[in-house]
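Asks: pasting the structure only:
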């Protein structure tokens, strides 16, 4: 088998049968490929392990996890072939679930809290069945659960760990792993967690109150670890991102953004910016909007003001790099911010100079414009005000300080509040430094509304 799958066909060495590739579903170049196709007149999913050093180990771990799920009676697509391709590469073939949706798709589609609560309870029950059998799913992101024919299926056997097969997990291990499931959901939906935990406790016939108390202790720590893991992931090559290093520059970009436009930007960002519309041309940063070949991006260049400034910045990540990481900090926390596309730093060995941050353009209105516009209905203004209260509540819960709460750094689009300008944002590990930073954020935010004293008073009364 070639990694490029010539003629969209793979020969399985065990019986000489052929798999015909229909669609690539997920690819990590030179490591793994998940694809849909036809095998023996049957629609199936094939997972191919391509890494010559680690393929056998990952194949064995995936198969072991799937077998453990099946022994525990946890719904998972049937494993119908496990063996080698003609070139010796390990492969697993599972049954295809027609019309299956990921739990992430269902969550995004759910228009009511009742539907979201029902999904969360079903997932908690599935995790409970794993725990009763001594199994732990260590990668509980919502795309690792499929829904088909009114049933939830677990996939990705590679992430299944057998702690003590056939024997129930204890409270500590159960709570930590259930907290990992709840951490996949935005913090502003915590009201849904208690009924889901109750269903979990009923299924396992365990005491609910000790579980709930333990969950409340574990969840903040699990969330923090999950955020930091994702922020580390966004700086290296993986299924979602590509890291590229050449002489004089380091870049990370979204794998799905690859194309001629991105190549031009990375190869010559200065010329690329000249083709756009200037939105800001300041001493510390230059911002342009570039519409090209179907993309609509904002490119922000963080300028070096002089020799002293260059020296001070040489030994720290650029503000572009900070914005890139903070964008993903907000994304995984369920806080709306324009999608980060790429980050580029000019480097001389370990020394860093100019940085470029690229994100999607979001066509919304600045929050202050919305509040000052007499044509905007009071109901819309009230909704926006409540969105700010929720946002600052999330910042408190996650110990995140924005660092520059000017009104122009918040835009309103499609009844959603979006956060911009992330280069001063930071997450605190301890409460005391966070409280000091949050107080500054709060005061700066209230300062925006001096010309609207009633609104300023309302915010002062309702913000955390």
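Replies: Nice, I can see it. These numbers were taken from a predicted model, which means no experiment stands behind them. Residues are numbered from 1 along each chain as shown.

Asks: use CA for all of it now, contacts and neighbours both
Replies: OK.

Asks: element containing residue 289?
Replies: strand 285-292 (DSSP states H and E).

Asks: Paired strands for that strand, with orientation please.
Replies: Take DSSP bridges as the rule and strand 285-292 pairs in its sheet with strand 277-281 (antiparallel), strand 295-302 (antiparallel).

Asks: what comes up buried for the shortest one?
Replies: By neighbour count, and taking 16 or more other CA atoms under 10 Å as the criterion, strand 277-281 has no buried residues at all.

Asks: Who's the closest spatial neighbour of residue 22, skipping the chain neighbours?
Replies: In space, and not counting its chain neighbours, residue 22 is closest to residue 37: 4.5 Å by CA to CA, 6 or more residues apart in numbering.

Asks: Now stretch 235-248: buried residues?
Replies: Quick answer for stretch 235-248 (16+ other CA under 10 Å): 235, 236, 237, 238, 239, 241, 242, 243.

Asks: can I get those in CSV with pLDDT, secondary structure and distance to residue 320?
Replies: Putting these into CSV (pLDDT from 0 to 100; DSSP: H, G, I helix; E, B strand; the rest coil; distance: CA to CA, whole Å) gives the following:
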residue, pLDDT, secondary structure, distance to residue 320
235, 95, coil, 12
236, 93, coil, 16
237, 91, coil, 18
238, 88, coil, 20
239, 85, coil, 22
241, 94, strand, 16
242, 94, strand, 17
243, 94, strand, 15
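
Asks: So of these, which two are at opposite extremes in space?
Replies: 235 and 239 (11.9 Å; CA to CA).

Asks: distance of residue 391 from residue 442?
Replies: Computed as CA to CA, to the nearest Å, the residue 391 to residue 442 distance reads 12 Å.

Asks: nope, residue 71 is what I was after
Replies: 54 Å.

Asks: which one of these two has more residues nearby?
Replies: Per other CA atoms under 10 Å, whichever of residue 71 and residue 442 has more neighbours is residue 442, with 20 against 12.

Asks: hang on, that one in a strand?
Replies: No - going by DSSP: H, G, I helix; E, B strand; the rest coil, the assignment for residue 442 is helix, not a strand.

Asks: What's the local residue count around residue 158?
Replies: Residues near residue 158, counting by other CA under 10 Å: 19.

Asks: quick one: pLDDT of the nearest residue to it once chain neighbours are set aside?
Replies: With CA to CA, 6+ apart as the criterion, residue 158 has its nearest non-adjacent residue at 3.9 Å, and that residue is residue 62. You'll see residue 62 listed with a pLDDT of 95.

Asks: can you tell me which residues contact residue 62?
Replies: 156, 157, 158, 159, 160 (CA atoms under 8 Å, 6 or more residues apart in numbering).

Asks: Then residue 177?
Replies: Taking CA under 8 Å, 6+ apart as the test, what residue 177 contacts is 136, 137, 138.
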